[in-house]
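Visitor: Sequence first, predicted model second:
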Amino acid sequence: MIKVVYNRCWGGFSISKAAVLLARKLSGDDNWGDIQLGGEPYSDGSGAADPAYDGSNRPDNELIPRHDPVLVSIVETLGDTANGEMAKLEIYELEGNKYWIEYYDGMETVHTPENTEWIEVKNDTGK
């Protein structure tokens, strides 16, 4: 079964500093997700992040696939502590292996072929 992390509240997908630190540890990658925390250097060499900056709260952070095993593991392990600012992360278990995430004002819905109501055209007249 494939698991997918998504945000279930208004505000947007984000993970906490504690989640970033655990993800780095579990993955063995100090640059996991290309997320900079306050004071850390940016991966492009353009300097360091402001000490007050918490890059884990980027709602546009699509560098980490939502089915990433490390991301899933940190949400399972940390629970609500994995939530970034204005986020409520949950895990959706896929029946198959296809999904897409719909985003509206930060709240997300996971769509799969199994949970999507399709319109089936019976013939060329549209009936």
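Guide: That came through fine. Numbering: from 1, shown residues only.

Visitor: Would you enumerate the residues in contact with the closest residue to Ser16 other than its chain neighbours?
Guide: Closest residue to Ser16 apart from its sequence neighbours, by C-beta to C-beta, 6 or more residues apart in numbering: Gly84 at 5.2 Å. Heads up, the C-betas are built off the backbone N, CA and C, glycines and all. Residues in contact with Gly84 (C-beta atoms under 8 Å, 6 or more residues apart in numbering) are Phe13, Ser14, Ile15, Ser16, Ala19, Asp54, Ser56, Asn57.

Visitor: Max pairwise distance over those: which two?
Guide: Across the contacts of Gly84, the longest distance by C-beta to C-beta is 14.2 Å; it joins Phe13 and Asp54.

Visitor: So for the two, which sits in the more crowded spot?
Guide: More crowded of Phe13 and Asp54, by other C-beta atoms under 10 Å: Phe13, with 26 against 19.

Visitor: Near the closest residue to the more buried one other than its chain neighbours, how many residues? Count them for me, please.
Guide: Nearest non-adjacent residue to Phe13, counting by C-beta to C-beta, 6+ apart: Asn7, 4.3 Å away. Applying other C-beta under 10 Å, we find 24 residues neighbouring Asn7.

Visitor: how much space is there between the residue nearest to Ile2 when sequence neighbours are not counted and Asn31?
Guide: Once flanking residues are discounted, Ile2 sits nearest to Leu94: 4.4 Å by C-beta to C-beta, 6+ apart. Distance of Leu94 to Asn31, given as C-beta to C-beta, to the nearest Å: 28 Å.

Visitor: Between the two, point out the one with more neighbours.
Guide: Taking other C-beta under 10 Å, Leu94 and Asn31 do not tie; Leu94 has more neighbours (17 against 11).

Visitor: what residues are up against the more buried one?
Guide: Met1, Ile2, Lys3, Val4, His67, Val110, Thr112.

Visitor: For the fifth one, give me its contacts.
Guide: Taking C-beta under 8 Å, 6+ apart, we find His67 in contact with Ile2, Lys3, Val4, Val5, Leu94, Tyr99.
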